[in-house]
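*Asks:* return a 3D structure for these sequence lines:
(chains A and B)
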Amino acid sequence: QKEVEQNSGPLSVPEGAIASLNCTYSDRGSQSFFWYRQYSGKSPELIMSIYSNGDKEDGRFTAQLNKASQYVSLLIRDSQPSDSATYLCARGDYNQGGKLIFGQGTELSVKP
Amino acid sequence: ETGVTQSPTHLIKTRGQQVTLRCSSQSGHNTVSWYQQALGQGPQFIFQYYREEENGRGNFPPRFSGLQFPNYSSELNVNALELDDSALYLCASSLAQGANTGELFFGEGSRLTVL
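*Replies:* Residues are numbered from 1 along each chain as shown, chains lettered A, B, ... in the order given. Just a heads-up that it's a prediction; the model follows:
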């Protein structure tokens, strides 16, 4: 079982729709979770962090965390073609210094 | 504010050779981490340096080594290159507390091809 698991996609949604990206993790003790966006040929950039159960909203993005189900999601409202990218889910692991454990990423394609 | 810069951006090596990748941290950041990203995969943690000391290491063999300098820049060295070392190598800097919050600032990466 992978530590952080995502559907690799591609996930295709029409412009203006809600894109829903999902992630599960295996370490029940995990406390911090992150969503990074990576455009093709570019480096990852942080778009959301979430630490508590429930929803966290930032503009068109909403991160959701359910620690009991070991599940994290990212919703993108009013999806735009510029949102087309790979979205990486990660959890923080601070047993040795600090590191992120990433999933394999979900490729999102927003069609005009 | 200067971002994270990496060099070289692309390089090609042959099996058995050695490579050194370089990274300049974002201004004010004292922690640097290195990640390996194979095609179609998420980044995998190699190691982290804080104040010139290794501060955590992932599941990579000893032929992967690193350094952090007093100005917080860093190097990743890989000896005895293997074909599977072909990947994008990402450097990420953060404030110490940033490392604990996952707020990493990535450079554009060095793409290594091993033939």
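
*Asks:* contact partners of the lowest-mean-pLDDT helix or strand in chain A?
*Replies:* One helix or strand of chain A scores below all others by mean pLDDT, DSSP states H and E: strand A:99-102, with a mean of 91. With Cβ atoms under 8 Å, 6 or more residues apart in numbering or on different chains as the test, strand A:99-102 has contacts from A:3-4, A:34, A:36, A:88-93, B:33, B:42-45, B:48, B:56, B:58, B:102, B:104. The way it works is simple: take the backbone N, C-alpha and C, and place the C-beta from them, glycine included.

*Asks:* the strand ranked longest in chain A packs against which elements?
*Replies:* Scanning chain A for the strand with the most residues, using DSSP state E, yields strand A:85-93. With contacts taken as 3 or more Cβ pairs under 8 Å, 6 or more residues apart in numbering or on different chains; DSSP states H and E, strand A:85-93 sits against strand A:4-6, strand A:19-25, strand A:33-38, strand A:71-76, strand A:99-102, strand A:106-111.

*Asks:* one more pass at 7 Å, please.
*Replies:* When contacts are defined as 3 or more Cβ pairs under 7 Å, 6 or more residues apart in numbering or on different chains; DSSP states H and E, strand A:85-93 sits against strand A:4-6, strand A:19-25, strand A:33-38, strand A:99-102, strand A:106-111.

*Asks:* from the middle of its chain, how far away would it be?
*Replies:* Relative to its parent chain, strand A:85-93 has a centroid offset of 5 Å by Cα atoms, centre = their mean, to the nearest Å.

*Asks:* leaving out sequence neighbours, find the closest residue to residue 66.
*Replies:* Going with chain A. Of all residues not flanking A:Asn66 in the chain, A:Asn53 sits nearest, at 6.3 Å (Cβ to Cβ, 6 or more residues apart in numbering or on different chains).

*Asks:* correction: the question concerned chain B.
*Replies:* Distance criterion Cβ to Cβ, 6+ apart; nearest residue to B:Gly66, sequence neighbours excluded, is B:Leu76 at 5.2 Å.

*Asks:* got it, and B:Ser73?
*Replies:* Closest residue to B:Ser73 apart from its sequence neighbours, by Cβ to Cβ, 6+ apart: B:Ser24 at 4.8 Å.

*Asks:* again, but for A:Tyr36
*Replies:* In space, A:Tyr36 is closest to A:Pro44, 3.9 Å off (Cβ to Cβ, 6+ apart).

*Asks:* got the contact list for residue 22?
*Replies:* As the question left the chain open, I've gone with chain A. A:6-7, A:73 (Cβ atoms under 7 Å, 6 or more residues apart in numbering or on different chains).

*Asks:* if you could check chain B rather than the one you did, that'd help
*Replies:* Listed by Cβ under 7 Å, 6+ apart, the contact partners of B:Arg22 are B:6-7, B:75.

*Asks:* among the residues you listed, which ones are in strands?
*Replies:* The members of the contacts of B:Arg22 that map onto strands under DSSP E are B:6-7, B:75.

*Asks:* skipping adjacent residues, who's closest to residue 86 in space?
*Replies:* You didn't pick a chain, so chain A it is. Among residues not flanking A:Thr86 along the chain, A:Gly105 sits closest, at 4.3 Å (Cβ to Cβ, 6+ apart).

*Asks:* actually, chain B is the one I wanted.
*Replies:* What sits nearest to B:Ser86 in space, not counting adjacent residues and going by Cβ to Cβ, 6+ apart, is B:Val114, at 4.7 Å.
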